[in-house]
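> Provided below are the primary sequence and the corresponding predicted coordinates.
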Amino acid sequence: MLSNKPLDPFKEIPEIYRQRIVELNQESFDQLLTFVDIVPDDAFDLGFIQSNFARDRDAIIQALINHPDCQEMQFEIWDFPDPEMRFLLDEILKILPTVKVQPDKKLIFLVRGVENAIGMTGEYPPMLVDFNWVRDAYPVMVPHLMLFCLPDYAITRVANFAPDFWAWNSGTFVFKTPVNTRDDAISQTLDASKGITNCEVPEKQERIDLLKRLLMEYTPSNGREETEGDLKTRIRVLNDLAIAYRSRSEYSTATYYLKQALDLAKDDEDFISLKANTLYELGWIQDDWGNKKEAIAFYQQSLELKEKIGDVQGKAATLHQLAGIYANQGDVEKAIAFYQQSLELEEKIGNVQGKAATLHCLAGIYANQGDVEKAIAFYQQSLELQEKIGDVQGKAVTLHQLAGIYANQGDVEKAIAFYQESLEIYEKIGNVQGKAATLHCLAGIYANQGDVEKAIAFYQQSLELQEKIGDVQGKAVTFAMLGQLLADEKGDFDQALNYLQQSLEILQHLKSPDAETVKEIIAAVQRYN
């Protein structure tokens, strides 16, 4: 909270920037000045400052606070960034008693951050529902002017889903985004040298936030026409958002953005490259979901478009993904052929990241064939390239696979070290699926070593993450492992049967042949119980 002074000094917006945004929005700023001036003190009123980027918003706030006409006003800035927040008034009432009211000054509250709880999608966010329920309490509990600083989508959602609260609105002040703000956001996201999948959790969230704000900027509103360039940028933003959420194993959200991108690209010849990328990402998600037939269809469509436009790098990446599916289906010969085609293209264009990924996957095939020495050599080559280019996501996966090989060879100490290193990276970049898989594998090692309590703890942690991301197949395997462990090592047959039954239900639903194996385990446990 602040009173007629700049925001946190570390976030001070340069005066030249403040002047630039005010000059661009002089009419809106003048209207805002008039509004804060005419609203009576000690009386509730509601207004909205619309700005799509946080830096612009803070520049507007600082320009307002420092304006000569506002020196007889006391501004208190409240931040409520929690996306799970539901009862805003309750939070305000916790802070309100701490406000030191300055005599003879009009008190004005500026509220930031609630767009996180409002969200961009879904109907009737809980916080907006509560807005309607407690609407009449605001004039009594907060008898002062409140200015909500929100991006345009959030203001629209307040009007749509909290109409009773919105009825209090006395003024909405729309601020246009300067061109340099959009350009800076694009350079930090779409044109960034580091891919979003390799960003650690805080940086990834910042990128997602910027992408969402760019999406607002490039989505037509208020009758503004959309140029072809705007549309291309919007599709790129949607694809990048999908990649970000896919990297966090949030596949439903990723698919939501990809379907929007696909609808926008349609069959326009100018958007072939963007459409090919969207189809590729849809294939990746279907593959992760276990829908191999659908994944192949998307990849094949993507491959055709990439061949048509001569996108060698895209073709190499798609061949790589198709190879992975054939490998998982047991068609090793076809998989190796596709990987080799991909590797040739990657070497031709100097794509180090792609080469590292393909070497990694070839290593996996040789490991499955029992050629451990060749597998380790390929993994090591892949690891060297990943470290060279800073591909932390790829490095985590390769470390995980190397750990598995050493575990199978009985080198437990080395296996645990590699799994731990992999786990640390997954935690940093927010890869929930990778973290769940690594915890599962660590649990297996501790179980084999007889450290039952540690094994159960790791399985439970893995299970929680699998449930969080909807990894049904993973849950089935973890339930089965927990069931066996509890029965064999703890003699807790009731709980063991509970886990095994849950595993069986999932496997039967998936029509997995592993269901028969779990049935046999259940029968054996029942005989001993």
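That came through, no problem. Numbering: from 1, shown residues only.
> Report the next helix or strand after the strand or helix carrying residue 117 in sequence order.
For residue 117, the host element (DSSP states H and E) is helix 115-118. Going down the chain from helix 115-118, the next helix or strand is helix 126-133, by DSSP H and E.
> just to revisit the earlier point, any chance you could list what contacts the helix holding residue 117?
80-86, 88, 125-128, 150-151, 153-154, 157-158 (CB atoms under 8 Å, 6 or more residues apart in numbering). From N, CA and C alone the C-beta is placed, and that goes for glycine too.
> Same check on stretch 132-141?
43-44, 46, 87, 89, 92-93, 96, 146, 162-165, 167-168.
> still on that earlier bit, extract the C-alpha set from the helix holding residue 117 and format it as CSV.
This file holds the C-alpha atoms of helix 115-118, laid out as CSV (Å, rounded to 0.1, in the frame of the first residue of the first chain):
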residue,chain,number,x,y,z
GLU,A,115,-7.6,-10.6,-13.0
ASN,A,116,-5.8,-13.8,-11.9
ALA,A,117,-8.8,-14.8,-9.9
ILE,A,118,-11.2,-13.7,-12.6
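> rewinding a little: now the buried members of the contacts of stretch 132-141.
In the contacts of stretch 132-141, burial by neighbour count holds for 44, 46, 89, 92, 146, 162, 165, 168, counting by 16 or more other CB atoms under 10 Å.
> which of these lies closest to residue 248?
residue 162 (29.0 Å; CB to CB).
> any idea how far that closest one is from residue 154?
According to CB to CB, to the nearest Å, residue 162 stands 11 Å off from residue 154.
> same check, this time on residue 257
Taking CB to CB, one finds residue 257 at 18 Å from residue 154.
> what do you get for residue 90?
Residue 90 is 20 Å from residue 154, by CB to CB.
> what about the strands in the stretch 51-200 of the chain?
73-79, 106-112, 145-150, 169-174 (DSSP state E, counting those that start in this stretch).
> Out of those, which is closest to residue 67?
Ranking the strands of the stretch 51-200 of the chain by proximity to residue 67 (CB to CB) places strand 73-79 first, at 9.4 Å.
> related to what we said a few turns ago, could you identify which of the strands of the stretch 51-200 of the chain is most buried?
Neighbour counts (mean count of other CB atoms under 10 Å) averaged over each of the strands of the stretch 51-200 of the chain peak at strand 145-150, with a mean of 23.
> With only the CA atoms kept, save it in CSV.
This file holds the C-alpha atoms of strand 145-150, laid out as CSV (Å, rounded to 0.1, in the frame of the first residue of the first chain):
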residue,chain,number,x,y,z
LEU,A,145,-13.7,5.4,-4.3
MET,A,146,-12.3,2.1,-5.5
LEU,A,147,-10.5,1.9,-8.8
PHE,A,148,-9.9,-1.6,-10.2
CYS,A,149,-7.0,-1.8,-12.6
LEU,A,150,-7.7,-4.6,-15.0
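> Given it, what are its sheet partners and their directions?
In the sheet containing strand 145-150, its partner strands are strand 45-50 (parallel), strand 106-112 (parallel), by DSSP bridges.
> Can you give the distance from it to the centre of its chain?
Chain-centre distance of strand 145-150: 28 Å, with CA atoms, centre = their mean, to the nearest Å.
> Stretch 157-169 too?
With CA atoms, centre = their mean as the basis, the mean position of stretch 157-169 lies at 28 Å from the chain mean.
> Look up how far residue 351 lies from residue 215.
For residue 215, the distance to residue 351 - CB to CB - is 29 Å.
> need the contact list for the residue nearest the centre of the chain.
With distances taken as CA atoms, centre = their mean, residue 245 lies nearest the centre of the chain, 3.6 Å away. By CB under 8 Å, 6+ apart, residue 245 lies in contact with 208, 251, 253, 254, 257.
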